[in-house]
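Enquirer: need coordinates for the below:
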Amino acid sequence: MTDEKPALRLENIVKTFPGVRALDDVSFAVMPGEVHALMGENGAGKSTLMKVLGGILQPNEGRIFIEEESTIMTTPLDAKAKGVVFIHQELSLADELSVAENIFLGELPRKSFGRVDWGKLYEQTDAILKTLNVGFNARTRVGDLSIANQQMVEIARALTVDPRAVIFDEPTASLTDAEKVVLFDVIADLKSRGVGIVYISHRMEEIFKITDRISVLRDGQYRGTLETAKTDEDEVTQLMIGRSLDLSRNEEHREHGEVALEVRGLSCGDLYRDVSFKVHRGEVVGFYGLVGAGRTEIAETIFGLRDPSEGQILLDGQELRIHSPVDAIRHGISLVPEDRKGQGLVLGMNCRDNMTLPQVDDLTAGPFVSDGAEIAIFDQYRDKLDIRTPGWRQTVGNLSGGNQQKIVIGKWLSMHPNVLIVDEPTRGIDVGSKSEIHNLIRDLAGQGYAVIVISSEMPEVLHVSDRIVAMYHGRIMREFSAEEVTEDSLIQAISGIESEKVA
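Expert: Numbering: from 1, shown residues only. Reported below is the predicted structural model:
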C-alpha cells in the first residue's frame with residue numbers, strides 16, 4: 001500500500017469560521033483499497049475536513065489531490081464527478097421525491113429534448129438497491145421510508161458512479177444490526193475494487209472491525225495515525241482526548257430511595273403490551289432491545305406523546321393523567337428524545353434559547369424574558385457538559401451533532417426533573433463526551449433523580465444501569481440487576497428466548 005499513490009490527499013488545510021479556527025494546517029491521506037478511520041471528539045474538525053474534501057466547504061488555505069493530481073472541489077456534484085462521494089451523517093433527502101429521483105438527483109438520465117428516461121432511471125436504481133438487499137424499490141416515496149431505510153438511500157448514492165473515494169460520516173447511526181451487516185459488505189466490496197474509504201464513527205467496535213488505519217484530530221489539528229491491528233481503544237482515546245477513560249461495567253452499590261415512577265400493565269396497540277416496571281429515586285434503569293422492541297414508544301407514552309390503550313402511570317404512588325408533554329413536564333417528567341433535530345431542537349434558534357425554551361414562563365421579568373437568567377443557565381450547562389460553541393448566540397444548526405445533543409440534554413437537566421428519560425443519550429457522540437454524559441447520568445442518580453436510559457449499545461447499558469429491562473417485540477422478557485446480568489443472558493432475552501429458558 002505504501003508504494004501506491006493515495007486515492008486522495010489533503011495538504012495543509014486551514015478552514016476558519018467567525019470566531020473559530022476549525023482546521024489548523026491539517027494533512028490527511030487515504031490509500032486505494034483502504035478503510036481509513038477519522039476520529040476525534042465532537043468539534044475536533046472531522047466533519048469540516050470531510051466537507052472540504054466533498055466540495056461542501058472551500059478551504060481558506062491548503063490543497064486537495066486526487067491520485068496526486070491537484071484539484072479544486074467547487075460543489076458536491078463536482079466532487080462526485082471527480083470520484084469523491086460523501087454519505088452524510090444527517091440525511092439530505094427530498095421526502096416528496098422517489099428513491100430513484102433522490103439517488104440520481106442532478107444526474108437524471110435523459111431522452112431526446114431533455115425528457116427524463118424514467119424506465120432507465122428505475123432500472124438503474126433497482127439494480128443498485130438489489131445489491132443493498134433492501135425492502136423497497138425505485139418508485140417508493142422517500143418520505144414513506146424509515147430513518148434507517150433513508151440512510152440506505154444515502155448509501156445507494158455512492159454506487160451510482162465508479163468512485164475513487166467514499167466518505168462515510170457516522171453511517172450506522174440509524175441502522176439496525178442487519179442493515180449494518182449489509183453496509184459492511186458494501187464497504188468490503190468497495191475496498192476490493194480499490195476504492196479508498198474514509199470512515200467517521202464514534203463506535204470503537206466498528207472502527208476495530210472494519211478499518212485498516214486510524215487518524216485522529218484534536219482541536220482542529222492532526223494528532224497522528226495508527227495501524228488498527230497494532231493499537232487498542234485506550235491508545236486511540238488517549239490520542240483523541242489526552243486521557244484514558246473508564247468505560248467498565250457499573251459495579252457501584254448504593255441504596256435507592258422510594259419508588260418514583262411506576263408503570264402498571266401499560267399497553268399501546270400493537271407497539272407494546274402489558275408493560276410493568278418501577279424506577280426508584282437514585283436508580284438508573286436501562287432499557288435494552290432490538291429496533292422495534294417498543295422501548296421508545298413506552299418513553300413517548302410516559303411523556304404524553306402517545307395515548308396508552310390501557311394501564312396506569314404513577315408518580316410517587318399517585319396515578320397520573322398525562323395527555324400531552326405539557327402534563328408530563330408539569331409533573332416533573334422530562335424526555336431527551338432519540339431524534340435530536342426533529343424533536344429536540346429548533347435548529348434556527350441560538351444555543352441559549354434552545355436550552356431555556358421549556359422554562360421561558362419561569363424566567364420572565366415583567367413582560368420580558370430575563371436575559372441574565374437565561375445566560376446563567378446556559379453557561380452552567382455549557383461548562384458541565386463541555387458544549388463547544390463560541391457563545392450562546394451561536395445558531396444550534398451550526399454546531400456538531402454531539403454538541404447539539406448536549407444542548408438537548410442540558411435543556412432538560414436544567415428543569416431538575418423528578419424523572420429523566422434519556423433515549424439514546426450518546427448517539428453520534430465521541431468517547432470523551434460519552435464518558436462525561438455517562439458520569440452525569442450516574443451523578444444525577446446519586447443526587448436522587450429517577451433515570452431511565454434507552455440505548456442500543458450494550459456497553460452503555462451495562463456501564464450506567466443499576467437494573468436492566470430486556471425487551472422483545474413489545475414485551476418485557478426479563479429484568480436484570482447489575483450484579484447478575486451477563487452479555488449472553490442479555491442477548492438471549494432480547495432475542496425472544498423465554499426467561500425461564502435463560503435462567
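
Enquirer: and for residue 100, the neighbour number?
Expert: Look at residue 100: counted by other C-beta atoms under 10 Å, it has 28 neighbours. Glycine gets a C-beta too; all of them are placed from N, C-alpha and C.

Enquirer: part of a helix, is it?
Expert: Yes. Remark: residue 100 belongs to a helix, assigned using DSSP: H, G, I helix; E, B strand; the rest coil.

Enquirer: how close does it sit to residue 128?
Expert: 9 Å (C-beta to C-beta, to the nearest Å).

Enquirer: residue 463 now?
Expert: Where residue 128 is concerned, residue 463 sits at a distance of 39 Å (C-beta to C-beta).

Enquirer: between the two, which has more neighbouring residues?
Expert: residue 463 (25 against 21).

Enquirer: that one against residue 439, yeah?
Expert: No. If you go by C-beta atoms under 8 Å, residue 463 and residue 439 don't touch, sitting 9.9 Å apart.

Enquirer: domain parsing for this protein?
Expert: Domains of the chain are assigned by automatic domain parsing as 8-241, 250-332+419-432+446-503.

Enquirer: got those as JSON lines, with mean pLDDT columns?
Expert: Listed next are the domains of the chain as JSON lines, based on pLDDT from 0 to 100:
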{"stretch": "domain 8-241", "mean pLDDT": "87"}
{"stretch": "domain 250-332+419-432+446-503", "mean pLDDT": "88"}
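
Enquirer: can I get the ones you listed in TSV with distance to residue 377?
Expert: Converted to TSV, the domains of the chain look like this (distance: least, C-beta to C-beta, whole Å):
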stretch	distance to residue 377
domain 8-241	21
domain 250-332+419-432+446-503	16
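
Enquirer: looking at those domains, which is closest to residue 338?
Expert: The closest of these to residue 338 is domain 250-332+419-432+446-503. By C-beta to C-beta, the value is 4.2 Å.

Enquirer: distance from the closest one to the middle of the chain?
Expert: 20 Å (C-alpha atoms, centre = their mean, to the nearest Å).

Enquirer: what do you get for stretch 150-168?
Expert: 19 Å.

Enquirer: stretch 146-165 now?
Expert: For stretch 146-165 - counting by C-alpha atoms, centre = their mean - the centre lies 18 Å from the chain centre.

Enquirer: in it, what's buried?
Expert: Neighbour counts over stretch 146-165 (16 or more other C-beta atoms under 10 Å) mark 148-159, 163-165 as buried.

Enquirer: which one of the residues you listed is nearest to residue 417?
Expert: Closest approach to residue 417 among the buried residues of stretch 146-165 (C-beta to C-beta): residue 148, at 29.8 Å.

Enquirer: in a helix, that closest one, correct?
Expert: Yes. Going by three-state DSSP, the assignment for residue 148 places it inside a helix.

Enquirer: that one: what's it in contact with?
Expert: Shown in contact with residue 148 (C-beta atoms under 8 Å, 6 or more residues apart in numbering): 174, 175, 176, 179, 291.

Enquirer: any idea how far apart the tips of stretch 64-81 sit?
Expert: The straight-line separation of the ends of stretch 64-81 (C-alpha to C-alpha, to the nearest Å) is 15 Å.

Enquirer: chain center to that stretch: distance?
Expert: With C-alpha atoms, centre = their mean as the basis, the mean position of stretch 64-81 lies at 28 Å from the chain mean.

Enquirer: cool, and stretch 222-236?
Expert: The answer for stretch 222-236 is 23 Å, by C-alpha atoms, centre = their mean.

Enquirer: please save the CA atoms from that stretch in PDB.
Expert: The C-alpha trace of stretch 222-236 is given here as PDB (Å, rounded to 0.1, in the frame of the first residue of the first chain):
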ATOM      1  CA  TYR A 222      -3.800  16.400  13.100                       C
ATOM      2  CA  ARG A 223      -2.600  14.300  16.100                       C
ATOM      3  CA  GLY A 224      -1.300  11.100  14.400                       C
ATOM      4  CA  THR A 225      -2.200   7.900  12.500                       C
ATOM      5  CA  LEU A 226      -2.200   4.400  14.000                       C
ATOM      6  CA  GLU A 227      -2.500   1.000  12.400                       C
ATOM      7  CA  THR A 228      -5.700  -0.500  13.600                       C
ATOM      8  CA  ALA A 229      -4.300  -4.000  14.100                       C
ATOM      9  CA  LYS A 230      -1.400  -2.600  16.200                       C
ATOM     10  CA  THR A 231      -3.400  -0.400  18.600                       C
ATOM     11  CA  ASP A 232      -6.200  -0.600  21.100                       C
ATOM     12  CA  GLU A 233      -9.100   1.600  22.300                       C
ATOM     13  CA  ASP A 234      -7.100   3.100  25.100                       C
ATOM     14  CA  GLU A 235      -4.300   4.400  22.800                       C
ATOM     15  CA  VAL A 236      -6.900   5.800  20.400                       C
END
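
Enquirer: residues contacting that stretch, please?
Expert: With C-beta under 8 Å, 6+ apart as the criterion, stretch 222-236 contacts 25-28, 37, 39-40, 204, 207-208, 211-217, 239-240, 244.

Enquirer: which among the residues you listed end up buried?
Expert: By 16+ other C-beta under 10 Å, the contacts of stretch 222-236 give 26, 28, 37, 39-40, 204, 207-208, 211-217, 239-240 as buried.

Enquirer: which residues of the stretch 251-400 of the chain fall in helices?
Expert: 295-302, 325-330, 351-356, 371-385 (DSSP state H, counting those that start in this stretch).

Enquirer: now render the ones you listed as a markdown table, adding mean neighbour count and distance to residue 363.
Expert: Below are the helices of the stretch 251-400 of the chain laid out as a markdown table (neighbours: other C-beta atoms under 10 Å; distance: least, C-beta to C-beta, whole Å):
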| stretch | mean neighbour count | distance to residue 363 |
| --- | --- | --- |
| helix 295-302 | 23 | 26 |
| helix 325-330 | 16 | 15 |
| helix 351-356 | 24 | 6 |
| helix 371-385 | 16 | 5 |
